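Enquirer: sequence first, then the predicted structure, then my questions.
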Amino acid sequence: LFSAYPAWARPLVNSDIFVQVLQEAHALFAEDTEGVNADYIPELAKIPSELFGLALVTVDGRVFVAGDADYVFSIQSVSKPFTAALVLQEYDAPEILVERIGVEPTGLPFNSVLAVELHASRSVNPLVNAGAMAAVSLVPAEDKTERFLKIKQFYEAMAGQKLKVIKEVYRSEAATNQSNRAIANLLKKYGRIYADPEEALDVYTRQCAIGVSARVLAMMGATLANGGVNPISKKQVLEARYVPKVLALMLTAGFYDESGRWAYEVGLPAKTGVGGGIVAVVPGEMAVAAFSPRLNQAGNSVRAMRAIEYVSQRLGLGLF
Ligand code: DON
């Protein structure tokens, strides 16, 4: 719609267009029942599949929503870029992720053990489970409680509001995360996890169970879109120089083995989670988030993907 102009010359768009496009996307995909809830975390299978919410937050703090934008679901893998951001900030060194984790996309599923064996970096990249647990292990902390608190507080600053763990989801995943436990221990063998693997696993599982809504995810994304400054609190949550690093990871690995396809079709850095959430970032402009529990084979929310793609096309948001 307005991508023909360079960002600095774009006219201020009437906010009505955002409301209209979100409502269109909601109406267009409301009846779409493709995909299934995640069930390897038993609690996620219980979430009503028909829930569907959209949110858009601009860098100047305007918020637009449609559908179930305030339903609270577990953040799951959408947490991963934010913990990677925290690690960058804590070490104040862009090399930390390259050297201690890796930044190459895998073309393999998010929980792939094969990827750990194939990639020389072992921990692969911060957006797959292996690298995400390695990222958790890098957060400087005396113990598990402090490690988790630092992560949660960072997400809260990104979101500009308090967040809570959904205890049922945490317990459900903690009781069934044998695969992640295996990966954490494999990383230990390779010297690519930097705290006790059980501790990293537990904090990671808790991080994934933090409750967010589409509205909250859009606000967290808008903080990235706004050079690391939360659009409402105006706090510099993440140093501006680390924002492009996080967005590069999201563009190349945000959708696992569908990352290439997403970049090809939509062309925006984004991150998905098996809770059904997705957030896409338009640097300098806005973030668009969507939530719908039904996932495709890759573990990405079908309707959330379709809705964000629609919004992006209608507003001309793609970067390329
Ligand atoms: O570790 C897991 O399997 C989950 N806590 C998170 C996975 C996830 O969200 C993958 N996303 N699409």
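Expert: Done, it's in.
Enquirer: mind listing what's buried along the one helix or strand in the chain whose mean pLDDT sits lowest?
Expert: Among the helical and strand segments of the chain, the one scoring lowest on mean pLDDT, DSSP states H and E is helix 113-118, with a mean of 92. The neighbour-count check on helix 113-118 (16 or more other C-beta atoms under 10 Å) flags 115-116 as buried. (Glycine included, C-beta is placed from N, CA and C.)
Enquirer: right, and the helix or strand after it?
Expert: Using DSSP states H and E, the next helix or strand after helix 113-118 towards the C-terminus is helix 129-138.
Enquirer: got the contact list for that following helix?
Expert: Contact partners of helix 129-138, identified using C-beta atoms under 8 Å, 6 or more residues apart in numbering, comprise 77, 79-80, 83-84, 87, 90-91, 96-97, 100-102, 110-111, 115-116, 122-126, 147, 151, 180, 183-184, 186-187, 192-195, 197, 199-201, 203-204, 207.
Enquirer: quote the end-to-end distance of stretch 226-236.
Expert: As for stretch 226-236, its first-to-last residue distance stands at 9 Å under the measure C-alpha to C-alpha, to the nearest Å.
Enquirer: now what about it, what contacts it?
Expert: Identification of contacts with stretch 226-236 by C-beta under 8 Å, 6+ apart yields 57-61, 157-160, 219, 222-223, 237-240, 242-243, 284.
Enquirer: filter those residues down to just the buried residues.
Expert: 57-59, 157-160, 219, 222-223, 237-238, 242-243.
Enquirer: now those in JSON lines, with distance to residue 256, pLDDT and secondary structure?
Expert: Rendered in JSON lines, the data for the buried ones among the contacts of stretch 226-236 read as follows (distance: C-beta to C-beta, whole Å; pLDDT from 0 to 100; DSSP: H, G, I helix; E, B strand; the rest coil):
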{"residue": "57", "distance to residue 256": "25", "pLDDT": "97", "secondary structure": "strand"}
{"residue": "58", "distance to residue 256": "28", "pLDDT": "97", "secondary structure": "strand"}
{"residue": "59", "distance to residue 256": "28", "pLDDT": "97", "secondary structure": "coil"}
{"residue": "157", "distance to residue 256": "27", "pLDDT": "98", "secondary structure": "helix"}
{"residue": "158", "distance to residue 256": "22", "pLDDT": "98", "secondary structure": "helix"}
{"residue": "159", "distance to residue 256": "24", "pLDDT": "98", "secondary structure": "helix"}
{"residue": "160", "distance to residue 256": "29", "pLDDT": "98", "secondary structure": "coil"}
{"residue": "219", "distance to residue 256": "24", "pLDDT": "98", "secondary structure": "helix"}
{"residue": "222", "distance to residue 256": "24", "pLDDT": "98", "secondary structure": "helix"}
{"residue": "223", "distance to residue 256": "24", "pLDDT": "98", "secondary structure": "helix"}
{"residue": "237", "distance to residue 256": "26", "pLDDT": "98", "secondary structure": "coil"}
{"residue": "238", "distance to residue 256": "24", "pLDDT": "98", "secondary structure": "coil"}
{"residue": "242", "distance to residue 256": "23", "pLDDT": "98", "secondary structure": "helix"}
{"residue": "243", "distance to residue 256": "22", "pLDDT": "98", "secondary structure": "helix"}
